[in-house]
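Engineer: this one's sequence-less:
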């Protein structure tokens, strides 16, 4: 699976949009971009995933650049409960089945 | 709840003892995964089941670690002769099938080996 690069930490004011970037410049055509988050002492929580089109669900939006070498997870109105480590994962549709979690971005939502 | 459940939630054991960790996947999910997360570290893949068979055991760190799955549902991860470095959170995930299907995680079992 392609390697991803994320900033180690970010802050966001409560109520504002949180934009979390991820670089995956070596992504190949059959690899999806997944986002998970892990709130302290809990298991990872699935957020969203996409292949090349932008995606939106009740939790977040995923914006993937046209060349697919980077993406941004957007939490439109961050709350204190969104404080967590956010992981960007690139994963092929075939082959290895496990997820490779890097170090992620620690998002702190500030009151 | 219809999520992945794990038991026990916490386990404290003495070095050298054996432990068994249980995972109940989401009903109907054929794929099941075990990961572990040491303090302050990322997730480390251990083993993947498709049905009752384990096509990928590449992450098991030593022969003290084993896992089985029966009836295509519940899975048990067994650690024999536990060592202090086995202390970690052991996470289970399941997905509808393998491949790119989304994995959903349980809350984990926190294992402390004294």
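Structural biologist: Here it is on my side, so go on. Please read all numbers here as calculations on a predicted model, not as lab measurements.

Engineer: what residues does chain A put near chain B?
Structural biologist: Residues of chain A found near chain B (Cβ under 8 Å from any Cβ of the partner chain) are A:32, A:34, A:36, A:42-46, A:49, A:87, A:91-94, A:96-104. Yep, even glycine has a C-beta here, placed from its N, CA and C like the rest.

Engineer: Now residue B:86: phi and psi?
Structural biologist: phi -80, psi -10 (degrees, to the nearest 10).

Engineer: Could you pull up the residues touching it?
Structural biologist: B:64, B:79, B:111, B:113 (Cβ atoms under 8 Å, 6 or more residues apart in numbering or on different chains).

Engineer: what do you get for residue B:83?
Structural biologist: B:15, B:64, B:113.

Engineer: Residue A:108 is in contact with residue A:13, isn't it?
Structural biologist: No - with contact defined as Cβ atoms under 8 Å, residue A:108 does not reach residue A:13; the gap is 10.3 Å.

Engineer: Counting neighbours, go ahead and name the busier of these two.
Structural biologist: Counted by other Cβ atoms under 10 Å in any protein chain shown, residue A:108 and residue A:13 do not tie: residue A:108 has more neighbours, with 14 against 11.

Engineer: Packing partners of the helix or strand encompassing that one?
Structural biologist: Remark: residue A:108 resides in strand A:105-110, with elements defined by DSSP states H and E. Contact here means 3 or more Cβ pairs under 8 Å, 6 or more residues apart in numbering or on different chains; DSSP states H and E; on that basis strand A:105-110 packs against strand A:9-13, strand A:18-23, strand A:84-92.

Engineer: okay, the ones you listed in a markdown table with mean pLDDT and distance to residue B:53 next?
Structural biologist: As requested, those are exported to a markdown table (pLDDT from 0 to 100; distance: least, Cβ to Cβ, whole Å):
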| stretch | mean pLDDT | distance to residue B:53 |
| --- | --- | --- |
| strand A:9-13 | 97 | 41 |
| strand A:18-23 | 97 | 34 |
| strand A:84-92 | 91 | 21 |
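
Engineer: Of those strands, which stretch is the most buried?
Structural biologist: strand A:84-92 (a mean of 22; mean count of other Cβ atoms under 10 Å in any protein chain shown).

Engineer: neighbouring contacts of it?
Structural biologist: Outside strand A:84-92, the residues touching it (Cβ under 8 Å, 6+ apart) are A:1-4, A:6, A:20, A:22, A:24, A:27-28, A:30-40, A:44-45, A:47, A:71, A:73, A:99-102, A:104-107, B:42, B:100.

Engineer: Just the ones in strands from the residues you listed, please.
Structural biologist: Of the contacts of strand A:84-92, the ones assigned to strands by DSSP state E are A:20, A:22, A:31-38, A:45, A:47, A:71, A:73, A:105-107.
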